[in-house]
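Peer 1: Give me a model of this one.
(one chain, ligands or ions: 1)
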Amino acid sequence: MSVICTLFGHRPREDDYSGGEYMRVVPGAVDGINREHATLYATCPRCGVSYRAGQIHLPKRQSEAYLEGSVAALRGRLGE
Ligand SMILES: [Zn+2]
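Peer 2: Residues are numbered from 1 along each chain as shown. Next up is the predicted model:
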């Protein structure tokens, strides 16, 4: 890691909108309301170190949401 990054933090990524490097997503735990948490990692363009850039809730795909609704409806019919 460079001295500048040590003193002031990593350099922000500037090319996200131009098709540059994608951040890496590392899935985490699923909480009590069925939200999946994940951590985003980026690579500093100045020193090349991978650093934690933030955390997100992973969005559900439409098919997953539909299937969960169907399973809940079937469980309701079965009285579970
Ligand atoms: Zn850096």
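Peer 1: So Leu7 versus the ion, what's the distance?
Peer 2: Applying CB to the ion, to the nearest Å, the value for Leu7 to the ion is 11 Å. Quick note: C-beta positions are derived from backbone N, CA and C, even for glycine.
Peer 1: Alongside the ion, which residues does the chain contribute?
Peer 2: Within reach of the ion by CB under 5 Å from the ion, the chain has these residues: 5, 10, 44, 46-47.
Peer 1: Could you pull up the residues touching the nearest residue in space to Ser2 that is not next to it in sequence?
Peer 2: Excluding its sequence neighbours, the residue lying closest to Ser2 (CB to CB, 6 or more residues apart in numbering) is Cys47, at 4.3 Å. By CB atoms under 8 Å, 6 or more residues apart in numbering, the contact list for Cys47 reads 1-2, 5, 10-11.
Peer 1: How many residues are close by His10?
Peer 2: Look at His10: counted by other CB atoms under 10 Å, it has 21 neighbours.
Peer 1: now that we have the contacts of Cys47, which one has the most neighbours?
Peer 2: In those, the most neighbours by other CB under 10 Å go to His10, 21 neighbours.
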